[in-house]
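J.: With the sequence up front, the predicted model follows.
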Amino acid sequence: QVQLVESGGGLVQPGGSLRLSCTASGTIFSINTMAWYRQAPGNDRELVASITSGGSVTYSDSVKGRFTISTDNAKNTVYLQMNSLKPEDTAVYYCNSDLRRLSWTTWQRYWGQGTQVTISS
């Protein structure tokens with residue numbers, strides 16, 4: 001089994017910062033990509049940022065220049081540093097990972113349970 005567990009969400013005032021963490025655990029042979037998505041009430045889940053095992057990163061236009069994604073490959077952990085937060089960043093943030101559990105298995109996507117981020121004064 002593979003589990004992704006997020007942490008670091010909470011309530012922050014506009015302009016503040018938060019750092020989210022997500023650790024993948026279990027039987028993992030190789031990780032290709034780790035990413036953060038978010039879903040606000042009434043909206044579809046959207047990509048926030050992603051990072052490949054080679055270090056290539058992608059950001060949504062709405063968070064460029066404010067959010068930074070990074071990984072600690074030794075710990076199978078992905079981080080999302082969020083600065084200059086806005087009320088419209090309020091959402092449940094989910095991490096996912098495309099990984100292989102064993103050398104002969106195919107790539108599969110796993111999701112975390114989500115962590116709430118609320119930006120409000």
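T.: Everything's here; your move.
J.: Return the per-residue confidence for the residue nearest the centre of the chain.
T.: The chain has Trp36 as the residue nearest its centroid, 2.6 Å off, counting by Cα atoms, centre = their mean. We have a pLDDT of 98 for Trp36.
J.: May I ask which helix or strand encompasses it?
T.: In the assignment (DSSP states H and E), Trp36 maps to strand 30-39.
J.: Pull out the buried positions in that strand.
T.: 31, 33-38 (16 or more other Cβ atoms under 10 Å). Bear in mind the C-beta positions are built from the backbone N, C-alpha and C, glycine included.
J.: ok, now stretch 11-24?
T.: 12, 18, 20-24.
J.: first vs last residue of it, how far apart are they?
T.: From its first residue to its last, stretch 11-24 covers 24 Å (Cα to Cα, to the nearest Å).
J.: now it, how far from the chain's geometric center?
T.: From the chain centre to the centre of stretch 11-24 is a distance of 11 Å (Cα atoms, centre = their mean, to the nearest Å).
J.: quick one, what contacts the most far-flung residue of the chain relative to its centre?
T.: Here the chain reaches farthest from its C-alpha mean at Trp104, the gap being 26.4 Å by Cα atoms, centre = their mean. Neighbour list for Trp104: empty [criterion: Cβ atoms under 8 Å, 6 or more residues apart in numbering].
J.: so Lys21 sits right up against Gly8, yeah?
T.: No Lys there; residue 21 is Ser. Yes. In this structure, Ser21 is within contact of Gly8 by Cβ atoms under 8 Å, at 5.2 Å.
J.: This completes my enquiry, with thanks.
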